[in-house]
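Novice: Got a predicted structure here, sequence first:
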Amino acid sequence: MAKWGMVIDLEKCVGCQACTIACGMENTRLPGEHWQDVIFFQEGTYPNTELKWFPRPCMHCENPSCVAVCPTRATYKTEEGQVLVDWERCIGCKYCMIACPYGVRFYTEEAPRYGGPDLKAVFPAADAHSWSPPWKAPQEDWKHGVGVQPHDVVSKCTFCYHRVSKAPKGTADLDPSNPVMREYTPACVVACSPGARFFGDLSNPNSEVNKQIANKNGVRLLDHLGNRPQVYYLTGVGGAIPNTHTTKA
Amino acid sequence: MTDLSIHTGLTRRRFLQATGAAGALGAAGLSFDAANGLTLQKVHAQPAAGPAGQTVITKSFCAQCPARCGIDVYTTNGRVHAIYGTLDNPLAGGKLCPKGHYGVYLLYDADRIKGPMKRTNPKKGRDEDPKFVPISWDEALQTVADRLNALREKGESHRYATITGRGWGYTDVGLLKQFGQLYGTPNFNLGHSSICSDASETVKHIMDGHHAYSAYDYSNCNYLLVFGAGFLESFRPFTGNMRNWGIMRSKAPKTKVTVVDVHLNTTGSAADRLLLTKPGTDGALALAMAHVILSEGLWDRQFVGDFVPVEQPKDADAPRLPEHKFEPGKEVDPATFKEIWTVGVAEWWNVELKDRTPEWAEKITTVPARDIAAVAREFALTKPAVALFERGASAHTNGVYNGMAIHALNALTGNMFAKGGLRGYQMKTAWAKLPIKAEDFMDDYAKAPERKKPRVDGAKSKRYPLAKNMIQEIAINSLKGEPYKLDTVMFYMTGPIFSAPDCSKWEEALRQIFVIDTSPYPGETNRFADLILPDNTYLERLQIADTYPYEGYPISMIRTPAVKPIFDTKTFGDAVIEIGKRIKGPTSEYYKKIGNTENIVKWMCEGFKDKPGDNGVTDFETFAQKGVWYRKPYAYLQERGVFYEWDGKGYNKVMTPEEVKAKVMPTPTGKFEIKVTELEHHAEFVHERLGIAPERAPFPQWVAPRHGGDGDLHFISPKLAGQAEGRSANLPHVAAMIQPTQGGKRNVFLEMHPEAAGKRGIKDGDRVRIKNKVGKIEAIVRVTHTTRPDTVALPMIHGHWAQGRWAQGAGRLPTGSTNEVTENLSEPLSGLACFHSGLVSVEKV
């Protein structure tokens, strides 16, 4: 049984947001429903000023707070490590959104913030889907939070469950430059031009993700919270993750 | 599935109070069981799926920038839902930048135009509804042909123009030359390159003989020096840049990167060093770097050459004479410096460089002298290296001279045509030539000497003798009737009414002209149009194109339609052919023989039979299957001052100077011209337009920029990583991530330094007026340390007033184009519009 994980090399990431856009396209997300986002912040004073950025998918925690609080067991963790939402069970109470320390969950029933007409009203669904744009992706699996969601549910990154779950058993690395594995690889990994993302089996000691974590000192975001993310960051030179500890005065 | 049943510790009462979900629970059939906690039947049932469709991947290439990455378009049940880079395409390498994925939204843009239309409201204006009514294609095409035939009958065919933006080659803009020849207009293709990046092409043209963009060998490069090009935002090819960035920053040795810019972007931040220079002063930095390279003896002697040794006294005991060298402030005798592949280095030192010390440059640029010297030393001593520049350095009145100083660094350090350096220029694809010649179909009217009229844009005129295009002059020239007024204009993939400097002038011009717009989307041109001939979007078209320069070897791509046109639209090239068929006389015969663009594509692919692609592409069918044809490698290589030609096995054939001149550096001297022959010829012109003494004209030198507009702040309008050519502004998915560095996820902000803002009483989030003598617009301010205190930055291509329901963002976006406060001022040699040097004042609204 694989334990899927991701490594993001912050030294290579250029903050282009192709991951954000490719994710939205692959998973038919609404504008701003960034399952995969890149967060920017500015530090320093002119002329020694810098921008930092931080790509942030769902961490697919080993010990997920969202699962702990879900009153209907709609949010769950699969045997292969993905944290998913069963939309048939989700009641949209948003407890998980509050519990998640990484802010990676979305509830799209509010008025859109992107400006202009609401796309859901422009492309309404004739059935129980919350909307139905012409570019809607073909995959649909509400039990795993895949496809266009119904109204009043929480959505989140699935680690591209609809792709990864089809990978041959025993796969160590989902490398998009390998034509055999490409279609099973998460969209953000396929899209990443500088090759900052790696995806593979954390339970396989020979996988590329484990090599990267071991050789380049992979770290996890807010590790002190004990959620034990399955997404690792390589900070290298020039990469940075936001402070892992809150300082209290 | 792991059962992670965790006791939530909630009581039913607390849960319902906290969520307010009591009604929903009841309706959903939720019940509470004291023993098992919550149990739930389905709240939502997944609707039954329709029949599973086969997913088809068609090959195409991207349309969101000039790079043209190969794309795999995923279509299921006749709907396009995904686009990824083609793995086998050398430019894409299986990747795409964020823009590459926009195609799904562009295809189904809810504001798309659904078929040909004509205007019924004769009044034109920003706020005038054109009152378009749908017409048939036959009526639309015949309307154009009737106007064109009528102009011809009056002997005024030159008053018809096609104004073009991003053409893709042989089956669209590539058709227009023949159309102009047959129909009789010099204005057959008034291109947009003078509001794009013409200065960099001009610099390459006059110094190394290629009027083209360069191919760089980034993956083997060890030092990258970037002047005013958003390498990780906007410089082309963006995907290629990023793919190579991943290689450069993780290979051994890691490529060191220095960026010169006027504000902080992701490129500057990702680099090892950022030099924030004053707008328009990049040339001063490059000159000082050249000064350091020469005075410290760091130039490449095998490419450039060296001083001849001083003849020493025969008497071994006599004191040794000092060898020749470049000493700051002192001239050298050019006769003592023997050059190999450059022309004019010693003379350049004497007329310009000897006094261009880093301390001098610090005064001009505000960049510390020690940083300038450090970069110069690193650049010269780290091989191979690349110095590149784009509009940040060149979209100024001194842009070509700035660019010359920067480009000269590549020659001084021997990085021209070198592995890991500026690798070369784009080689041609083995297309077959069409068997039909337009010359054979020209009638007496087309051949008559009266047809030799000047172009309306003034390119190649006395005022812009070296410029390729001058789109920014068309509106004013036509309004003034100099050289004449235009009667009918067709626009293709460009909207100067929004994107040209001082764009408001176009509104007046287009009131007087019969305007045909071909965009499949609403836009500002459309608002002023009389006739709409909507093009297919790129995912609905069959088309071929050559790559943007990448690594030099030839690459070409094909677009095969992923879906049939979803509306009643027609590929622009086919509309041109159909109009041609309706032009009276032999023109009509020519276009009947051509038939349609599909015939052209299929014919041209015949060339692959003799020159198969490395990936096995030999004809149209295999091309359509693979999406790309390419043949490696680049044919030439310079190594240690010797030029080699590829002989089929390796770079084994040593080239003679004559061969180098013919094939690699086709300048008048066959050398890299630091003393530029073309500028010697135009010395009087340079003197007149830039105030440079004629004898100094041929050399890269410091020319103070003249800033357009008026006010106390420089105004720049950079291109963002998410901005696709201008057609992305109406995509809400793009608006939600457009200016991430400033938190722009629905807004587009004006970047303003805290000191500049404080002085004017402006606070973060305030609405401000940006104004100068040209015009005024409003925007929301972001007070930030990402820009110089003397410079404000507002990303271009926002503030649309007619592009669609999402692009018109009253309150959240700028109220107009950045070009409404950009004076129409052009660099005199290349004609490039000076977008990045204008002055404005900013005040709180």
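Specialist: In hand now; what should we look at?
Novice: Show the pLDDT at the residue sitting furthest away from the middle of chain A.
Specialist: Distance from the centre of chain A peaks at residue A:47, with 34.7 Å (CA atoms, centre = their mean). Here the pLDDT value assigned to residue A:47 is 89.
Novice: Nearest residue to it in space, ignoring adjacent ones along the chain?
Specialist: Among residues not flanking residue A:47 along the chain, residue B:276 sits closest, at 4.9 Å (CB to CB, 6 or more residues apart in numbering or on different chains). For every residue, glycine as well, the C-beta is placed using N, CA and C.
Novice: Surely the one you found touches residue B:263?
Specialist: Yes: Residue B:276 is within contact range of residue B:263, at 7.4 Å (criterion: CB atoms under 8 Å).
Novice: where do the contact lists of the two overlap?
Specialist: Contact criterion CB atoms under 8 Å, 6 or more residues apart in numbering or on different chains; residues shared by residue B:276 and residue B:263: residue B:788.
Novice: Tell me the residue of the stretch 401-550 of chain B that sits nearest chain A?
Specialist: residue B:539 (10.8 Å; CB to the nearest CB).
Novice: which ones are touching that residue?
Specialist: Residues in contact with residue B:539, defined by CB under 8 Å, 6+ apart, are B:60, B:73, B:80, B:103, B:106, B:107, B:559, B:561, B:562, B:563.
Novice: Just the buried residues out of those residues, in ChimeraX syntax.
Specialist: To isolate the buried ones among those in ChimeraX, judged by 16 or more other CB atoms under 10 Å in any protein chain shown, type:
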select /B:60,73,80,103,106,107,559,561,562,563
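Novice: ok, which of the contacts of residue B:539 also contact chain A?
Specialist: B:80, B:107 (CB under 8 Å from any CB of the partner chain).
Novice: State the pair within the contacts of residue B:539 that is farthest apart.
Specialist: Using CB to CB, the two most remote members of the contacts of residue B:539 are B:106 and B:561, lying 14.3 Å apart.
Novice: Check which helix or strand residue 124 maps to.
Specialist: No chain was given, so I picked chain A. Assigned by DSSP states H and E, residue A:124 belongs to no helix or strand.
Novice: Tell me how far it lies from chain B.
Specialist: Distance of residue A:124 to chain B, computed by CB to the nearest CB, to the nearest Å: 12 Å.
Novice: And for residue A:190?
Specialist: Taking CB to the nearest CB as the measure, residue A:190 falls 6 Å from chain B.
Novice: Name the SS class of the nearest residue to that residue once chain neighbours are set aside, please.
Specialist: Spatial nearest neighbour of residue A:190, excluding adjacent residues (CB to CB, 6+ apart): residue A:176 at 4.2 Å. Following DSSP: H, G, I helix; E, B strand; the rest coil, we place residue A:176 in the coil state.
Novice: Tell me the predicted confidence for residue A:176.
Specialist: pLDDT for residue A:176: 98.
Novice: I'd assumed residue A:185 was in contact with it.
Specialist: Yes: under the criterion of CB under 8 Å, residue A:176 makes contact with residue A:185 at 4.5 Å.
Novice: OK, contacts around residue B:631?
Specialist: Applying CB under 8 Å, 6+ apart, one finds that residue B:631 lies in contact with B:430, B:553, B:554, B:611, B:613, B:614.
Novice: okay, now the nearest residue to residue A:13 once chain neighbours are set aside: neighbour count?
Specialist: Nearest non-adjacent residue to residue A:13, counting by CB to CB, 6+ apart: residue A:196, 4.3 Å away. When neighbours are counted by other CB atoms under 10 Å in any protein chain shown, residue A:196 registers 26.
Novice: pretty sure residue A:196 is touching residue A:12, no?
Specialist: Yes: the pair residue A:196 / residue A:12 is scored as a contact, 3.8 Å apart, by CB under 8 Å.
Novice: Please report how far residue B:199 lies from residue B:774.
Specialist: 21 Å (CB to CB, to the nearest Å).
Novice: what about the two, which has more around it?
Specialist: Taking other CB under 10 Å, residue B:199 and residue B:774 do not tie; residue B:199 has more neighbours (31 against 22).
Novice: thinking again about what came up before, can you report how many residues neighbour the residue nearest to residue A:190?
Specialist: By other CB under 10 Å, the residues close to residue A:176 number 24.
Novice: got the contact list for it?
Specialist: By CB under 8 Å, 6+ apart, the contact set of residue A:176 is A:182, A:185, A:189, A:190, B:94.
Novice: Those residues into CSV, with extra columns for neighbour count and distance to residue B:675?
Specialist: Shown next, in CSV, are these (neighbours: other CB atoms under 10 Å in any protein chain shown; distance: CB to CB, whole Å):
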residue, neighbour count, distance to residue B:675
A:182, 18, 52
A:185, 23, 54
A:189, 27, 51
A:190, 30, 50
B:94, 23, 45
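Novice: which one of these sits closest to residue A:214?
Specialist: Residue A:214 has its nearest neighbour among the contacts of residue A:176 in residue A:189, at 19.5 Å by CB to CB.
Novice: Outside of the helix or strand the closest one falls within itself, which residues are in contact with it?
Specialist: For residue A:189, the host element (DSSP H and E) is helix A:187-191. With CB under 8 Å, 6+ apart as the test, helix A:187-191 has contacts from A:6, A:18-23, A:25-27, A:36, A:57, A:160, A:163, A:174, A:176, A:182, A:197-199, B:84-85, B:94-96, B:101.
Novice: Identify the residues contacting residue 87.
Specialist: Going with chain A. When contacts are counted by CB under 8 Å, 6+ apart, residue A:87 touches A:74, A:142, A:143, A:145, A:149, A:150, A:153, B:44, B:46.
Novice: try chain B instead
Specialist: With contact taken as CB under 8 Å, 6+ apart, residue B:87 is in contact with A:177, A:179, A:182, B:93, B:94.
Novice: Okay then, goodbye and thanks.
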